[in-house]
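sequence and predicted structure, then a few things I'm wondering about:
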Amino acid sequence: MTTKLYIKTYGCQMNEYDSDKMADVLHACEGMTQIDRPEGADIILFNTCSIREKAEEKVFSDLGRARALKLLNPNLLIGVGGCVASQEGEAIVKRAPYVDVVFGPQTLHRLPQLIAARRASGKPQVDISFPEIEKFDYLPAAQTTHGTAFVSIMEGCSKYCTFCVVPYTRGEEVSRPFEDVMREVESLTAQGVGEITLLGQNVNAYQGATEDGDTVDFAFLLQAIAAQPLVQRLRYTTSHPREMSQRLIGVYANTPKLAGHLHLPVQSGSDRVLAAMKRGYTVLEYKSVVRRLRAARPDIAIASDFIVGFPGETEADFEATMRLIDEVAYDASFSFIFSPRPGTPAAEMADNTPQEVKLARLHRLQARINELEQQYSRAMVGTVQRVVVENLSRKNAAELAGRTDNNRIVNFAGSPGMLGRFVEVRITAVSGHTLRGEAITLA
């Protein structure tokens, strides 16, 4: 009888990638098949994220619902992975003793052994260690039926921004060996993948060892992947301004396969706040990076992250952020009100700004970003865009949804045979945060 697996993923694209790998590992080892609902599952896994406030409470709320299913099926196994697992460890089992396995982002490859040990001993199993890059040596070959795929190239972060838990939950930066990444890319393109997205907390800090004892940087890796004839488009996320080298910026000038879209988190437009965040750059240095990027690729679309209401942020600090938004003219952003994460230096900082002031600032920032986003979208109407078809449209199953080079979603009429292919699409209208278009031809 086939074992049924349900995975709920919280948070970032790194977690989405890790969830896919959990499913791959358990399918290869135990023949498990993934289902879309927790009801009827033999194993339920929660792949957690601790970036946002109250993340732990959301996990324990979901665990409560899973416990009800376990009362109906005592053989049901429940696991908690990801960053909350890494942060809380044994405390999860103490608070929710019905949890069977707890594992971190670096130990997901050990899931079959943890599950087997739980079954054999009858005791919960916890492994939240940091065995560097070991997990990639134990993951089965990537399988996909889509035209796009993620490839994780490094783990962890060594920047220790004062607001961030990632160094504590995923460990310090460790890069995958160069040939290891290239083999995964070649495997995916052989299955028909045309667009590759490279993943890491700070991908542009990549320093990959080669089999002959050298080390290559992120610029070299991008060029090596782009040189693969079956790779049609290349993206990456997330990057750090401190690691945006001139060599990397130069890749935008001479590598057409590298998408003309960059997510470059700035967090604040105030030097005082950036220093308190321990970001390691000034506003002037950040703007210099943007200026050089646009010199290399004039039409590049730049998105960012903003934290509003960081402890001690004044009205003048916030106005500096708004000026930076206008100066850079961002294409899109992810923006949040500061939420203190346990164990981080920022959680101990005095925070005297009223919540209603923070909310008003956030709404103003988001409104300005939305205005800029609409300007960019309207300018695309009438143009022809090369789109990779990712899915059926969410609102109309008779239509397709694809992604442009500058990371816009376009809905258009087309046949399911176009899924996973590149299509030339003429943009006809703007619809909210997406575009509408009409297919012209396969690209």
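Received, thanks. Numbering: from 1, shown residues only.

list the strands paired with the helix or strand hosting Val423, with their directions.
Assigned by DSSP states H and E, Val423 belongs to strand 422-431. Each strand paired with strand 422-431, and its direction, by DSSP bridges: strand 384-392 (antiparallel), strand 434-442 (antiparallel).

now mean pLDDT, mean neighbour count and distance to Asp326 too, for those strands, in a markdown table please.
Quick note: C-beta positions are derived from backbone N, CA and C, even for glycine. Output for these, formatted as a markdown table (pLDDT from 0 to 100; neighbours: other Cβ atoms under 10 Å; distance: least, Cβ to Cβ, whole Å):
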| stretch | mean pLDDT | mean neighbour count | distance to Asp326 |
| --- | --- | --- | --- |
| strand 384-392 | 93 | 19 | 26 |
| strand 434-442 | 90 | 17 | 24 |
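
now distance to Ile35 too, for those, in JSON lines please.
Shown next, in JSON lines, are these (distance: least, Cβ to Cβ, whole Å):
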{"stretch": "strand 384-392", "distance to Ile35": "19"}
{"stretch": "strand 434-442", "distance to Ile35": "29"}
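
out of these, which is closest to Leu26?
strand 384-392 (24.4 Å; Cβ to Cβ).

what's the neighbour count on the closest residue to Arg170 other than its chain neighbours?
Distances taken as Cβ to Cβ, 6 or more residues apart in numbering put Gly156 closest to Arg170, at 4.5 Å, once the chain neighbours are dropped. Gly156 sits with 23 neighbouring residues when counted by other Cβ atoms under 10 Å.

which stretches in this structure count as helices?
Residue ranges of the helices in the chain, as given by DSSP state H, are 13-30, 55-72, 82-88, 90-95, 111-121, 135-138, 166-170, 178-190, 218-226, 246-254, 271-277, 283-296, 315-328, 355-380.

which of these sits most buried?
Most buried of the helices of the chain, by mean neighbour count (mean count of other Cβ atoms under 10 Å): helix 82-88, with a mean of 26.

and the strands paired with strand 422-431: which comes nearest Gly171?
Nearest to Gly171, of all the strands paired with strand 422-431, is strand 384-392, at 31.3 Å by Cβ to Cβ.

got the CA positions of the closest one in CSV?
The C-alpha trace of strand 384-392 is given here as CSV (Å, rounded to 0.1, in the frame of the first residue of the first chain):
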residue,chain,number,x,y,z
VAL,A,384,6.1,41.7,-27.2
GLN,A,385,7.5,39.7,-24.3
ARG,A,386,9.2,36.3,-24.2
VAL,A,387,7.3,34.4,-21.6
VAL,A,388,7.9,31.1,-20.0
VAL,A,389,4.5,29.3,-19.4
GLU,A,390,4.4,28.2,-15.8
ASN,A,391,0.8,27.2,-15.0
LEU,A,392,-2.8,27.4,-15.9
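
what's in contact with it?
With contacts defined as Cβ atoms under 8 Å, 6 or more residues apart in numbering, strand 384-392 is touched by 146-148, 194-195, 232-233, 399-405, 408, 410, 412, 414, 416, 418-427, 437, 440, 443.

report the distance from it to the chain centre.
20 Å (Cα atoms, centre = their mean, to the nearest Å).

so Glu195 touches Gln232, yeah?
Yes: in this structure, Glu195 is within contact of Gln232 by Cβ atoms under 8 Å, at 6.3 Å.

quick one, which of those two is more surrounded?
Glu195 (23 against 19).

bridged to the more buried one, which residues?
The partner residues for Glu195, given DSSP bridges, come to Thr148, Arg233.

let me see the contact set for it.
Contacts of Glu195 (Cβ under 8 Å, 6+ apart): 147-149, 232-235, 388, 403.

give me the residue ranges of this protein where confidence is low.
For the chain, residues meeting the criterion pLDDT under 70 lie at 1, 51-55, 131-145, 442-443.

let's see that with 80 instead.
1-2, 11-14, 29-30, 50-57, 106, 129-146, 397, 442-443 (pLDDT under 80).

mind saving the C-alpha coords of the strand holding Val423 as PDB?
Extracted C-alpha coordinates of strand 422-431, given in PDB (Å, rounded to 0.1, in the frame of the first residue of the first chain):
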ATOM      1  CA  PHE A 422       8.700  29.800 -24.100                       C
ATOM      2  CA  VAL A 423       6.100  31.800 -25.900                       C
ATOM      3  CA  GLU A 424       6.100  35.300 -27.600                       C
ATOM      4  CA  VAL A 425       3.200  37.200 -26.000                       C
ATOM      5  CA  ARG A 426       2.000  40.700 -27.000                       C
ATOM      6  CA  ILE A 427       0.900  42.600 -23.900                       C
ATOM      7  CA  THR A 428      -2.600  44.000 -24.300                       C
ATOM      8  CA  ALA A 429      -3.600  45.300 -20.900                       C
ATOM      9  CA  VAL A 430      -2.800  45.700 -17.200                       C
ATOM     10  CA  SER A 431      -5.000  43.800 -14.700                       C
END
